[in-house]
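> no sequence on this one, just coordinates:
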């Protein structure tokens, strides 16, 4: 695969807080959500919302992606889990593919860093007892259960050998993690020979652990701010990671919990691209997550800002609020606890304008007074510059005036009252 083929386009997209692609609404896999639902069941410990790499960008604001394929290569992908366990399973996805893809071997092991694995922990995955699996276009599949000790907040390496040539479609573009591609069949190797790197995820959507205990599974749902754009690659400094650090340190008061990230860079409520529209993907990427019991919703700034760039896709604050209310209703119908966050300040960002700021203030007013939710997280207040509240505090600004830096993501996590998880 030529990992440089789409680099220029991707850099342009993420520079304004978007991702790469749109996700089809087909082939949703139902999960087992609800606050009382997951004792003795599978619970999500890592998650990546899927996107279509090949989705053309609207408004001719960026060139179309260059098609790429992976051919007879091993992809080693590093996932930083939340809750730990001794039995795990992984979900592979060809949800957006237009052709079958064959994984001739899939291995899971503890990562030792820099693309290496501890071979004493290496476990070959099977699918209905078979080592090889072919996924049809639009299909997803869980592996069989693997006996592998995975401590809380472990780094696991999931290595896939793609047999033959497979066009890249189903991805999570903004991985903020160094992953590895190498020629040939090497998924069980301690280190990969001839590897190149990528910061995206391919055909991998979820890692679960089995738990006999009741575990709170908190899904963080949003855009590039939740996806961690501008955070340090490989450091797990997205705000959901910092939040998970706090949650795991407070197990005595919060209880056992897992925090997973369902952000897509560039995502919006009301329009596809980048990623599927939030109102469509919510059922898959929140209530469909294994064992989901709680959700934190932070989405809407791209609906506002992107509409300033593509007038045909401009939306009102009332439309954003209606989409939020529909998502809240979906989660409550699954007996989930729902926390909604205010939109961060963005004056100075490339798509800021006064009309957009008026919309942001209207959305935030709704959030602060919303009925039927279990709590408000006021990221706007936590992140604003007190001397200029429509801007990010300079100490938290990554430099693009839209996305926080590492310190800002830590401040977001610190702004969440952990007591909300006991409601």
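Right, received. Where do you want to start? This structure is a prediction, so every number in the text was calculated from the model and none was measured. Residues are numbered from 1 along each chain as shown.
> which stretches of the stretch 251-400 of the chain form strands?
257-263, 292-298, 337-341, 375-377, 384-385, 388-392 (DSSP state E, counting those that start in this stretch).
> Would you mind putting those into JSON lines with distance to residue 270, mean neighbour count and mean pLDDT alongside?
For every residue, glycine as well, the C-beta is placed using N, CA and C. Listed next are these as JSON lines, based on distance: least, C-beta to C-beta, whole Å; neighbours: other C-beta atoms under 10 Å; pLDDT from 0 to 100:
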{"stretch": "strand 257-263", "distance to residue 270": "17", "mean neighbour count": "28", "mean pLDDT": "98"}
{"stretch": "strand 292-298", "distance to residue 270": "14", "mean neighbour count": "27", "mean pLDDT": "98"}
{"stretch": "strand 337-341", "distance to residue 270": "17", "mean neighbour count": "23", "mean pLDDT": "98"}
{"stretch": "strand 375-377", "distance to residue 270": "22", "mean neighbour count": "19", "mean pLDDT": "98"}
{"stretch": "strand 384-385", "distance to residue 270": "25", "mean neighbour count": "18", "mean pLDDT": "98"}
{"stretch": "strand 388-392", "distance to residue 270": "23", "mean neighbour count": "17", "mean pLDDT": "98"}
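> Next, the buried residues of stretch 360-375.
360, 362, 363, 364, 366, 367, 370, 373, 374, 375 (16 or more other C-beta atoms under 10 Å).
> measure the last one to residue 92 for me?
Read it as residue 375. 35 Å (C-beta to C-beta, to the nearest Å).
> same deal with the third one?
Between residue 363 and residue 92 the distance is 36 Å, computed by C-beta to C-beta.
> what's the domain layout of this protein?
64-207, 212-422 (automatic domain parsing).
> Provide a list of residues in contact with the nearest residue to residue 140 once chain neighbours are set aside.
The shortest distance from residue 140 to any residue other than its chain neighbours is 4.4 Å, reached at residue 93 (C-beta to C-beta, 6 or more residues apart in numbering). Residue 93 makes contact with 50, 135, 140, 170, 203, 204, 205, according to C-beta atoms under 8 Å, 6 or more residues apart in numbering.
> Now render the residues you listed as CSV, adding neighbour count.
Below are the contacts of residue 93 laid out as CSV (neighbours: other C-beta atoms under 10 Å):
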residue, neighbour count
50, 27
135, 22
140, 19
170, 29
203, 29
204, 24
205, 22
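> So which of those residues are in helices?
Using DSSP state H to define helices, no part of the contacts of residue 93 is located there.
> could you dump those to a markdown table with distance to residue 250 and pLDDT?
Conversion of the contacts of residue 93 to a markdown table gives the following (distance: C-beta to C-beta, whole Å; pLDDT from 0 to 100):
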| residue | distance to residue 250 | pLDDT |
| --- | --- | --- |
| 50 | 31 | 98 |
| 135 | 39 | 98 |
| 140 | 34 | 98 |
| 170 | 36 | 98 |
| 203 | 35 | 98 |
| 204 | 29 | 98 |
| 205 | 28 | 98 |
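> ok, of these, which one's closest to residue 308?
Distance ranking of the contacts of residue 93 against residue 308, using C-beta to C-beta, places residue 50 first at 27.4 Å.
> just to revisit the earlier point, among the domains of the chain, which comes closest to residue 44?
Of those, nearest to residue 44 by C-beta to C-beta is domain 212-422, at 4.5 Å.
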